[in-house]
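Chemist: Provided below are the primary sequence and the corresponding predicted coordinates.
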Amino acid sequence: IELLNEQRASLIQQAVTRGLDPNVNLKDSDIPWLGKIPEHWERIKLSRVYRDISSGTTPKSGAEKYYLDGTVPWVTSSALNDAVISESNVLITESALNDYSGLRLLQPGTLLVGMYGQGTTKGKTGMLAFEATINQACCAFGHSKRLRNDFLAYWLQAWRPVILAMAEGGGQPNLNQEKLSQRHVAAPDVAEQDEIVRHLFAVTEKNDG
């Protein structure tokens with residue numbers, strides 16, 4: 001399993017760093033840890049291409065008015081596992097939405113990134129398959145015309161050690177929305193992103209199977 005995971009990580013990193021053409025011309029990215037990238041790719045600052053980067057909050061624990069007979073999905077960082085999130089184990093009420101300004105419904109296709117949490121949830125990604133709210137341990141990237149969220153998800157997975165190195169704090173360093181939004185990503189145009197995503201989905205599905 002460990003060998004398969006290493007192979008999967010290597011395939012993803014190669015694709016989101018160099019693309020699918022082994023003979024592509026390269027240029028210096030001007031990012032020391034990233035190195036060279038295809039010459040037609042661009043460096044993109046996430047805050048400049050995503051108009052909607054946000055987080056959530058947690059309704060008061062034990063308050064029945066916020067949880068009893070809830071109908072609104074509420075996703076926490078524990079659901080993040082570098083995959084599509086197809087269901088929520090917790091439902092909150094409309095009262096929670098009304099009482100907490102930090103809670104709002106996110107659209108399907110929103111990319112979530114874990115900012116902190118127990119175990120290995122920090123730095124993990126997840127793609128919402130349904131409309132949902134989130135807690136404060138998740139950073140949500142809405143939709144961008146310049147970047148596909150599934151390409152960004154693979155990119156964040158490939159460079160997770162670099163992302164985790166941005167964490168700050170005392171006993172348990174955490175990521176934060178500001179740090180994530182200031183991250184630069186190297187990417188081709190959307191059409192080539194589509195090709196890379198389709199390729200990675202095919203090869204990782206084969207390995208995962």
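Modeler: Happy to help now that I have it. Numbers count the residues shown, from 1 in each chain.
Chemist: Quick check: pLDDT value at residue 47.
Modeler: Model confidence at residue 47, given as pLDDT, is 97.
Chemist: Also residue 203?
Modeler: On the pLDDT scale, residue 203 gets 87.
Chemist: Return the list of helices and strands in contact with the helix or strand hosting residue 202.
Modeler: Here residue 202 sits within helix 190-208, counting by DSSP states H and E. Contact analysis of helix 190-208 by 3 or more Cβ pairs under 8 Å, 6 or more residues apart in numbering; DSSP states H and E lists helix 2-18, helix 149-158 as its packing neighbours. All C-beta atoms are positioned from the backbone trio N, CA, C, and that covers glycine.
Chemist: got the buried residues for stretch 151-162?
Modeler: 151-160 (16 or more other Cβ atoms under 10 Å).
Chemist: ok, residue 164 - contacts?
Modeler: For residue 164, the contacting residues are 122-123, 175, by Cβ atoms under 8 Å, 6 or more residues apart in numbering.
Chemist: let's see 6 Å
Modeler: If you count contacts by Cβ atoms under 6 Å, 6 or more residues apart in numbering, residue 164 has them with residue 123.
Chemist: ok, now residue 126?
Modeler: Per Cβ under 6 Å, 6+ apart, neighbours of residue 126: 79-80, 85, 112.
Chemist: Run a quick neighbour tally on residue 57.
Modeler: Using other Cβ atoms under 10 Å, residue 57 is surrounded by 15 other residues.
Chemist: Roughly how far does the nearest residue to it once chain neighbours are set aside sit from residue 133?
Modeler: Of all residues not flanking residue 57 in the chain, residue 102 sits nearest, at 3.4 Å (Cβ to Cβ, 6 or more residues apart in numbering). Distance, residue 102 to residue 133, using Cβ to Cβ, to the nearest Å: 9 Å.
Chemist: so what sits against both of the two?
Modeler: Common neighbours of residue 102 and residue 133 (Cβ under 6 Å, 6+ apart) are residue 56.
Chemist: ok, the two, which is more surrounded?
Modeler: Between residue 102 and residue 133, counted using other Cβ under 10 Å, residue 133 has the larger neighbour count: 25 against 14.
Chemist: quick one: the more buried one and residue 71 touch, right?
Modeler: No. Assessed by Cβ atoms under 6 Å, residue 133 is found out of contact with residue 71, at 11.4 Å.
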